[in-house]
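**Q** how does the following fold in three dimensions:
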Amino acid sequence: MVLRPAHAAFVITSLLVGAAPAIAQQREYPDRSITTFRSVERPPVDSKSGTRMYLQVGRVWLPEENEGLATGELRWGSVAPLQPSADFTLAFGLVPALLTSADLDLALPIAVAPGVRLIPRGGVSGLTLLGGDAGGFAFGLNTGGGLVLDADGPLLLRVDYTARILAAMGEGPGVLLHQLSAGIGWRF
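**A** Below you'll find the model as predicted:
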């Protein structure tokens, strides 16, 4: 007899549905020395501890171009209100080469409502392009801001805008780049 995927799914579902009443009746372990997750109280969370890590996706573009480059980024920063802190971002984009940028900023989270933070920031940027027919690096300054929702929760949402002015070493005037990103964050 050949067991096809559709038959296997039916058999597994039937077994789970049949076992559900027995599983539901077993509410506690008979041995009290075993601690269940439900019986352990969660430690109090200090929402002022602040540091969060974010995973974001976004787009970076030049002002004179309509198209941009899709990016992914990791961000570390604080959401503790009115406490200046460092905000670090590492962003990646793929073109025929690997484009990476790093920002190190001074940020000041401002509580605008319960669980909502407006985070203005500014600092230094670096950009590296590796691969294809090009390669190089540039340094510059950046400024921007973020909006964080559910800042006191275990999982939060963040939207960021960044404007960077970068100048390659020994080159002419700097290049202005814009970046918009959004993603989720968690306690770190």
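
**Q** can you give me the helices in the chain?
**A** Here the chain has its helices, by DSSP state H, at 5-25.

**Q** residue ranges with poor pLDDT in it?
**A** 1-49, 169-171 (pLDDT under 70).

**Q** OK, contacts around Gly93?
**A** Applying Cβ atoms under 8 Å, 6 or more residues apart in numbering to Gly93 gives the contacts Val60, Leu69, Ala70, Thr71, Gly72, Leu99, Thr100. Where C-beta positions appear, they are placed from N, C-alpha and C, glycine not excepted.

**Q** buried among those? Make that a ChimeraX selection.
**A** To isolate the buried members of the contacts of Gly93 in ChimeraX, using 16 or more other Cβ atoms under 10 Å:
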select :60,69,71,99,100
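
**Q** between which two of the contacts of Gly93 is the distance greatest?
**A** Farthest pair in the contacts of Gly93 (Cβ to Cβ) is Ala70 and Thr100. Separation: 13.9 Å.

**Q** could you single out the nearest of the contacts of Gly93 to Thr162?
**A** Nearest member of the contacts of Gly93 to Thr162, counting by Cβ to Cβ, is Val60, at 8.5 Å.

**Q** doesn't Gly68 make contact with that closest one?
**A** Yes - Val60 lies in contact with Gly68 (Cβ atoms under 8 Å); the separation is 5.7 Å.

**Q** which residue sits closest to Gly131, ignoring its sequence neighbours?
**A** Nearest in space to Gly131, with sequence neighbours left out and distances taken as Cβ to Cβ, 6 or more residues apart in numbering, is Ala97 at 3.5 Å.

**Q** what of Ser181?
**A** Per Cβ to Cβ, 6+ apart, closest to Ser181 is Gly58, 2.7 Å.

**Q** re earlier: the residue nearest to Gly131: neighbour count?
**A** Neighbours of Ala97 under the rule other Cβ atoms under 10 Å: 14.

**Q** and what of Leu62?
**A** Burial measure for Leu62: 13 neighbouring residues, criterion other Cβ under 10 Å.

**Q** bridging residues for the closest residue to it other than its chain neighbours?
**A** Of all residues not flanking Leu62 in the chain, Leu177 sits nearest, at 6.4 Å (Cβ to Cβ, 6+ apart). Beta-bridge partners for Leu177, by DSSP bridges, are Arg164.

**Q** what's the answer for Ala107, then?
**A** Ser85, Arg121.

**Q** list the contacts of it.
**A** Ala107 neighbours (Cβ under 8 Å, 6+ apart): Gly77, Ser78, Pro84, Ser85, Ala86, Asp87, Ile119, Pro120, Arg121, Gly146.

**Q** show me which of the residues you listed are buried.
**A** Those of those that meet the buried threshold are Gly77, Ser78, Ser85, Asp87, Ile119, Arg121, Gly146, by 16+ other Cβ under 10 Å.

**Q** and those residues, which is closest to Pro109?
**A** Ile119 (4.8 Å).
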